[in-house]
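*Asks:* Quick one: sequence plus predicted model below, questions after.
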Amino acid sequence: LFFHCRRHETHRPPGPPGLPLLGNLHQFDKSAPHLHRWQLSKQYGSLMFLSFGTVPTLVVSSAKMAKEVLENHDLEVSSRPSLVGRQKMSYNGLDVAFTPYVVKEKLRLYPPSPLLVPREVTERCNIAGYIIEPKTLVFINAWAIGRDTEAWENPEEFNPQRFLSSFIDFKGQDFELIPFCAGRRSCPGIHMGALNVELPLTNLLYTFDWELPHGMKREDIDTDIKPGITTHKKNELCLMAKNLVL
Ligand code: HEM
């Protein structure tokens, strides 16, 4: 078994060294895994190898590599590990502001599921020259891809206007914006999900004028998120609804 593992190690993408049996589990940051893996990917590259105990894991952190995995290797990387079967998805997008551009910008910077839903490799495949073995878990880090400096200008800036002069959409064709992922296992509820964000939000904004509570300034609004599989605001945003438009 030892030699078997060593032989495959030479074909693996780069990644932080791990401990015997534990792999990289001891380095696992439960509170913000997408941030931790994004930081690691800056050191080890946008196709990075981790071991969670005995489970081999790939982390994809750039638009280019997401295209390679989800388009060129869509078939081999389209299974699901059984552990995620009952994960709940969140459709709460009510912390975003107006118009589809803003929805897109929100989905870029705060994807509802930052590490998307893990996949499992079923067939041995070559990704970017590396040999990836069956049973490897694949995480596509949508959080990192939304901040990919090769794909986005000033990626950390919340600037919905960037979509006014661009055709980039979240339908799974443009790999720099994949909150619903892409390929044959992408979200079948994409249209319902997007409408559930856009319609309530549009109605709320059309019907009321909104103000910050007395004494609160724009700069006081924080965008921190709670640790978890899906994105929830850490601190609630309280707004005052005024002037009902009849
Ligand atoms: C803003 C709302 C939503 C977001 C961001 C979202 C995101 C996702 C993501 C990232 C995946 C994994 C896709 C992949 O691995 O390629 C997924 C899968 C899935 N989603 Fe959604 N989703 C949303 C709403 C919905 C809704 C409204 C439904 C159903 C009415 C739905 C049903 C599903 C199902 C059944 C899968 C599993 C598909 C498969 O494994 O083949 N989603 N979703």
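*Replies:* Now that the structure is in, tell me what you want to look at.
*Asks:* what ranges do the strands span in the chain?
*Replies:* 47-52, 55-60, 119-120, 125-127, 130-132, 137-140, 209-211, 240-242 (DSSP state E).
*Asks:* Can I get these in CSV including distance to Gly193, mean pLDDT and mean neighbour count?
*Replies:* Bear in mind the C-beta positions are built from the backbone N, C-alpha and C, glycine included. Shown next, in CSV, are the strands of the chain (distance: least, Cβ to Cβ, whole Å; pLDDT from 0 to 100; neighbours: other Cβ atoms under 10 Å):
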stretch, distance to Gly193, mean pLDDT, mean neighbour count
strand 47-52, 28, 94, 22
strand 55-60, 22, 93, 23
strand 119-120, 19, 94, 22
strand 125-127, 28, 94, 17
strand 130-132, 29, 95, 18
strand 137-140, 17, 95, 23
strand 209-211, 24, 90, 12
strand 240-242, 25, 89, 11
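*Asks:* so who does the residue most central in space within the chain touch?
*Replies:* In the chain, the C-alpha nearest the mean C-alpha coordinate belongs to Ala142, at 2.4 Å (Cα atoms, centre = their mean). Ala142 is in contact with His34, Pro111, Ser113, Pro114, Leu115, Leu116, Ile178, Pro179, Cys181, counting by Cβ atoms under 8 Å, 6 or more residues apart in numbering.
*Asks:* near the ligand, which residues of the chain?
*Replies:* Along the chain, the residues adjacent to the ligand under the rule Cβ under 6 Å from any ligand atom are 80, 89, 91, 112-113, 116-117, 119, 179-181, 183, 185-189, 192-193, 197.
*Asks:* Just the buried residues out of those, in PyMOL syntax.
*Replies:* Here is the PyMOL command that selects the buried residues among those (16 or more other Cβ atoms under 10 Å):
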select buried, resi 112+113+116+117+119+179+180+181+183+185+186+187+193+197
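*Asks:* Phe208: how many residues sit nearby?
*Replies:* 15 (other Cβ atoms under 10 Å).
*Asks:* typed the wrong thing, it's Glu219
*Replies:* Counted by other Cβ under 10 Å, the residues lying close to Glu219 total 6.
*Asks:* Just the pLDDT at it, thanks.
*Replies:* On pLDDT, Glu219 comes in at 86.
*Asks:* Distance check, it against the ligand.
*Replies:* Applying Cβ to the nearest ligand atom, to the nearest Å, the value for Glu219 to the ligand is 28 Å.
*Asks:* Next one: that residue from Met240, what distance?
*Replies:* Applying Cβ to Cβ, to the nearest Å, the value for Glu219 to Met240 is 18 Å.
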